[in-house]
Every structure is written in C-alpha cells, then in structure tokens.
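Chemist: below is the sequence, then the predicted model.
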Amino acid sequence: MSLPGRPTGGSFERQREGSRVTVAGGPAGRLLLLPTPIADTAPEMVLPAPTLAAARSAGYFLAESAKSARAFLKALGHPKPIASLGIVEIGHAPDPARIDGWLQPILDGHDLALLSEAGCPAVADPGANVVARAQELGLRVLPLVGPSSLLLALMSSGMSGQRFRFVGYLPQDRGELAAALHELELASRGGDTQLFIETPYRNERLLEIILASCRPDTRLAIAVDLTSDSGQTLSLPIERWKSLAANARPTLARRPAVFALCAAQSAGRGRTAAPGRQ
C-alpha cells in the first residue's frame, strides 16, 4: 500500500505493527513534540531529564526558526556537532505541500523532533498541520513534557483552571478590540477563564484598552517572563489595576506576556451596554 499523498514513483510501503508504522527497512521513527524554554533559562532548569535525553538523541528537527533551534540544541549540549544535524526551518505558516518531505526521516526509521520557538510546539505556535499529517500517515506522535506559558499563566492567575479558553490574538482595531473584550467578559461569566496574547511591543496598548473597556469588577491577570528570574503574575480586578501606580504594574513593553480575564460571576448576565460603558 503506497503512502497516501506521496508520489507513486517512490518505493515506500508501510504496514502496521500494533500502533506503530513499519517500512521496508524496519520500524518507522517517531515525531517528537519537543518543548523549549519560554524565557532565557537553561534547558535543565525547565525541561525534565527524559525530554532532554530525547532532544539529545534526535538527529532531525523541524523548527519555526533554524537560528533559535541551533541555539537551543547548543545550550542543551547536543552530543553531535550542530552543523551535522538535520534542521529544517518551517516558518510561521508551514507549507502543507512540503510536509511529507519533512516527515521523510521518520519513514526512514529516525526520530524527528518538532521544535517551538518557545514553549510547546503546535500550541499557540505553528506545527499543528505537521502533527495532523503524521497522524494521517499512522506515524507515532510523542508529546514531551515542558513549559507552556498558557498553563503556567493560568496556574498563577488564581482563576478557574477547570474551565478555560485560549482565544489567541485579539483584533487590532480599537473598536473591534473593545467589542472582543466585551464578548470575552460575557463568555467568562460562568467562571470560564479567557486567555489571550499579544505581540510584545503592543502589550501596553492592549492593557490600556482593557482598562478602558472592561467592567471594574472583572479580574485581569498578566503573566510575564514566566520561568525566568524576572517572571511575575499580577491578578487583580480592573478597578485595582487602574489605581496602581505606574511603577507597581509589570513592565510590559517587549516582554512576552499572557493575559487572563474573567468577569465577576455576580455580574448581570443580561448586560447590553456598549463596550467601555460601566
């Protein structure tokens, strides 16, 4: 049976042994989902021993950025010369037409690691379509343990970790952003925490609009530089954020941050006022 989606001129054949795909030369390798540090922190400080061992044993890597991947592999002490490793840069929007070629090392019996720029691959980062194609081919996909800024922010926010939603980036237009924040407040009134992020250089603008748009009793948490010595999470109602002196707020400019928002559960569910009206 030819691999689905592969050129028919190739000689690859596959079969299943339990849940593992095998090819003509023996068992296929694995797609390792390899987390990386989310701050300027030594890999040994945030990655467990099995994850470090898997990273050091792999010889093939798919990375959002080849430059940062090489820096990470050097920092964790990969035993092979970095120049000898197979590192392919897949960018911010991996090309679906190239994925089968990228997965070739697995079919040749090698482990292939998918790296995030920071944190967990395919979570608020590119690579989900690579994982989906590996699943379609019946390849073994192995997620490895490592830091996720979203979960760390949620853990430290004091908000509900039982029900939460990550909504990614919010609109840039000021009016659309205020409307989106209003919708997040409405969605969170049952206690569902709403998580979102922003490009670091726009963090301060986002905070300004949050404070101008949300209800005084809505809780906002901002987590910055998590897992680093300068990391912190501040979680307060909007009215208290507004009263903070500037030097009491986290410095957000050009710092990776995660925002979490949850409306007070006592707030009326029938609110129809325009965004920004208290």
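Modeler: It's in.
Chemist: which helices and strands sit right next to the longest helix seen in the chain?
Modeler: Longest helix of the chain, by residue count under DSSP state H: helix 174-187. If you count contacts as 3 or more CB pairs under 8 Å, 6 or more residues apart in numbering; DSSP states H and E, helix 174-187 packs onto strand 193-197, helix 203-213, strand 257-262. C-beta coordinates here come from the backbone N, C-alpha and C atoms, glycine included.
Chemist: kindly reformat those as CSV containing mean neighbour count and distance to Asp40.
Modeler: Below are these laid out as CSV (neighbours: other CB atoms under 10 Å; distance: least, CB to CB, whole Å):
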stretch, mean neighbour count, distance to Asp40
strand 193-197, 22, 19
helix 203-213, 18, 18
strand 257-262, 25, 15
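Chemist: out of those, which gets nearest to Ala246?
Modeler: With CB to CB as the measure, helix 203-213 is the member of the helices and strands packed on helix 174-187 nearest Ala246 (10.7 Å).
Chemist: against which helices or strands is that closest one packed?
Modeler: Contacts defined by 3+ CB pairs under 8 Å, 6+ apart place helix 203-213 against helix 174-187, helix 238-243, strand 257-262.
Chemist: hey, which of the ones you listed is tucked in deepest?
Modeler: Stretch with highest mean neighbour count among the helices and strands packed on helix 203-213: strand 257-262 (a mean of 25; mean count of other CB atoms under 10 Å).
Chemist: ok and that one relative to strand 193-197, angle-wise?
Modeler: Going by axes from the mean of the first three to the mean of the last three CA atoms, to 10 degrees, strand 257-262 is angled at 160 degrees with respect to strand 193-197.
Chemist: on contacts alone, who are the packing partners of the helix or strand where Leu31 lies?
Modeler: Secondary-structure assignment from DSSP states H and E places Leu31 in strand 30-34. Counting contacts by 3+ CB pairs under 8 Å, 6+ apart, strand 30-34 packs against helix 49-57, strand 112-115, helix 128-136, strand 140-143.
Chemist: buried sites along the last one?
Modeler: So the one you mean is strand 140-143. For strand 140-143, burial by neighbour count (16 or more other CB atoms under 10 Å) applies to 140-141, 143.
Chemist: does the closest residue to Tyr201 other than its chain neighbours count as helix, strand or coil?
Modeler: Spatially, and ignoring its direct neighbours in sequence, Tyr201 is nearest to Arg254 (5.6 Å; CB to CB, 6 or more residues apart in numbering). Of the three states, Arg254 takes coil according to DSSP: H, G, I helix; E, B strand; the rest coil.
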